[in-house]
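Asks: Need a 3D model of the sequence below.
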Amino acid sequence: MTGGIRLLPVGGGVEPEILDELAAALAGVFRVSCRAETAAVDASFAFDRSRGQYHATAILARLQAAGLERGGPRLLGVTGLDLFVPVLTFVFGEAQLNGRCALVSLCRLREEFYGLPPRPELLAERAAKEAVHELGHTLGLRHCPDWRCVMASTHAVERLDLKSARFCPRCASSIAAP
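Replies: Residues are numbered from 1 along each chain as shown. Got it, this is the predicted structure:
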């Protein structure tokens, strides 16, 4: 991956410490510079009243329109908002396949969402896994059949907890190939 990664807060519910921890984790995985920004991107336009959630694809399109320099950093939007796409009840994130933008929601990654006490270390681990997964899509990776790979599809937080924060050998070789 060239050009690095810019992390942008989207809407509310994203503490600066979480962005900083996530930037450090992503720098370790992708071996590129990662920069957390402070100015939040407005997401109110993407709110769907009937669902009480935010349309992930619309936010992703807004991030794309925010401008990406050719060969510049990828954009990772990080939000505390609950996201959906029309065919699913919710999503942990969304990305442009072979694109430069990705989006991750912390909402359902938080233990508090499930009525449990906060666990900051678990939130950081889940956020890193989901961010690596979505950025993997921007690198052209699709869902992996290896349930331990970070690119495995996850529709429940319990499945997210089981998988690794790293790419399996097959996925790693796919992104390393020219």
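
Asks: Surely residue 64 touches residue 95?
Replies: No. Using C-beta atoms under 8 Å, residue 64 is not in contact with residue 95, being 11.0 Å away. For every residue, glycine as well, the C-beta is placed using N, CA and C.

Asks: Neighbour count for those two, which is higher?
Replies: residue 95 (25 against 14; other C-beta atoms under 10 Å).

Asks: Need the overlap of contacts for residue 64 and residue 95.
Replies: Common neighbours of residue 64 and residue 95, using C-beta atoms under 8 Å, 6 or more residues apart in numbering, are residue 101.

Asks: tell me the SS of residue 57?
Replies: Here residue 57 is helix, with the state taken from DSSP: H, G, I helix; E, B strand; the rest coil.

Asks: thinking it is in contact with residue 85, fair?
Replies: Yes. Contact criterion C-beta under 8 Å: residue 57 and residue 85 qualify, at 5.9 Å.

Asks: can you list residues touching both of those two?
Replies: residue 94.

Asks: Give me the distance between residue 124 and residue 76.
Replies: 15 Å (C-beta to C-beta, to the nearest Å).

Asks: higher neighbour count, these two?
Replies: residue 76 (28 against 18).

Asks: List the buried residues of stretch 32-52.
Replies: 34, 36, 40-41, 43, 46 (16 or more other C-beta atoms under 10 Å).

Asks: What residues sit buried inside stretch 78-90?
Replies: By 16+ other C-beta under 10 Å, the buried positions in stretch 78-90 come out as 78-84.

Asks: could you pull out the helices for this structure?
Replies: Along the chain, counting by DSSP state H, helices occupy 16-30, 56-65, 120-138, 157-162, 169-176.

Asks: which residues touch the second one?
Replies: With C-beta under 8 Å, 6+ apart as the contact definition, helix 56-65 has outside contacts at 8, 10, 41, 43, 45-46, 75, 77, 79, 83-85, 91, 93-96, 99-103, 105.

Asks: Since that was my last question, I'll sign off now.
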